[in-house]
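# predicted structure and sequence below. I'll ask about it afterward.
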Amino acid sequence: MALDKRQIVAEAVALLDADGLSGVTLRKLAARLGVQQPTLYWHLPNKAALLTAVADAILEEQFPELAPPQPAEPWQEWLVGLAERLRRALLAHPDGARLISLSQLSLRMAAISELAISTLVAREIPLRQARLIVLTVEHFTVGHVLEEQAGRPAATSAPDFDLEAFTQAHPTVVAGITEYFQDGRTPDDLFRDCLNVIIRGAATTASRAC
């Protein structure tokens, strides 16, 4: 059976899931597919093209179709939902946020941005402000997931860390973290709450600019 780009990208996604972003190389992919590396160049000329194709593939899992909000749906709520879907897409695969950060030519990410900006413009938000809002939400989402996927440092990585001394030196930081999660809130809640702070502020600024 002839090798096609869809098959190559599917195997690259599997390689990402197995070995993380550092394991996604043309050499490993060729070995996984049982072909010589030059064979892949007929479909993907270099590693940058490979990573972009993988980025598009993982985004399409959460964004198989792109649609604007319903007429009665506030754009703020719709944009929060869009960001939550983007976060799910990135969290679904190891190093998903790093991959998107490296894939500046992702057509799927560009389509998401186009939809979001045009939606805000259609709601009478000036183009400059709409772009800044969408860019801020996207950057926050990717950055948030980068931190989530980095994971917590192992206890052995900082054997001299003194939690009691840290708490004494930064009591408000520790109290704020404790207070937030004491009622059963989750990282999902934290992401949404932070996003709402950003978007509520953006909505206020946008209304003044109109």
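Structure's in. What do you need?
# next one: Asn196 from Asp189, what distance?
Separation of Asn196 from Asp189 (Cβ to Cβ, to the nearest Å): 10 Å. For glycine as for every other residue, the C-beta is placed from the backbone atoms N, C-alpha and C.
# pLDDT weak spots in this structure?
Low-confidence segments of the chain (pLDDT under 70): 1, 154-157, 207-210.
# what sits closest to Leu86 if chain neighbours are left out?
Counting by Cβ to Cβ, 6 or more residues apart in numbering, Leu86 lies nearest to Thr141, which is 5.1 Å off, once chain neighbours are set aside.
# in what helix or strand does that neighbour lie?
Element membership of Thr141, judged by DSSP states H and E, is helix 127-150.
# could I get the CA-only coordinates of that helix as PDB?
Extracted as PDB, the C-alpha positions of helix 127-150 are listed here (Å, rounded to 0.1, in the frame of the first residue of the first chain):
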ATOM      1  CA  LEU A 127     -10.400  45.000  14.700                       C
ATOM      2  CA  ARG A 128      -7.400  46.100  16.700                       C
ATOM      3  CA  GLN A 129      -9.100  45.300  20.000                       C
ATOM      4  CA  ALA A 130     -10.500  42.000  18.700                       C
ATOM      5  CA  ARG A 131      -7.100  40.800  17.700                       C
ATOM      6  CA  LEU A 132      -5.500  41.800  21.000                       C
ATOM      7  CA  ILE A 133      -8.300  40.000  22.900                       C
ATOM      8  CA  VAL A 134      -7.900  36.800  20.900                       C
ATOM      9  CA  LEU A 135      -4.100  36.900  21.000                       C
ATOM     10  CA  THR A 136      -4.100  37.300  24.800                       C
ATOM     11  CA  VAL A 137      -6.600  34.400  25.300                       C
ATOM     12  CA  GLU A 138      -4.600  32.100  23.000                       C
ATOM     13  CA  HIS A 139      -1.200  33.000  24.600                       C
ATOM     14  CA  PHE A 140      -2.700  32.600  28.100                       C
ATOM     15  CA  THR A 141      -4.100  29.200  27.100                       C
ATOM     16  CA  VAL A 142      -0.900  27.900  25.600                       C
ATOM     17  CA  GLY A 143       1.200  29.300  28.500                       C
ATOM     18  CA  HIS A 144      -1.200  27.800  31.100                       C
ATOM     19  CA  VAL A 145      -0.900  24.300  29.400                       C
ATOM     20  CA  LEU A 146       2.900  24.600  29.200                       C
ATOM     21  CA  GLU A 147       3.000  25.000  32.900                       C
ATOM     22  CA  GLU A 148       0.500  22.100  33.400                       C
ATOM     23  CA  GLN A 149       2.500  19.800  31.200                       C
ATOM     24  CA  ALA A 150       5.800  20.700  32.800                       C
END
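# what sits against the closest residue to Leu91 other than its chain neighbours?
Once flanking residues are discounted, Leu91 sits nearest to Val145: 6.0 Å by Cβ to Cβ, 6+ apart. Going by Cβ atoms under 8 Å, 6 or more residues apart in numbering, Val145 touches Arg87, Leu90, Leu91, Gly96, Ala97.
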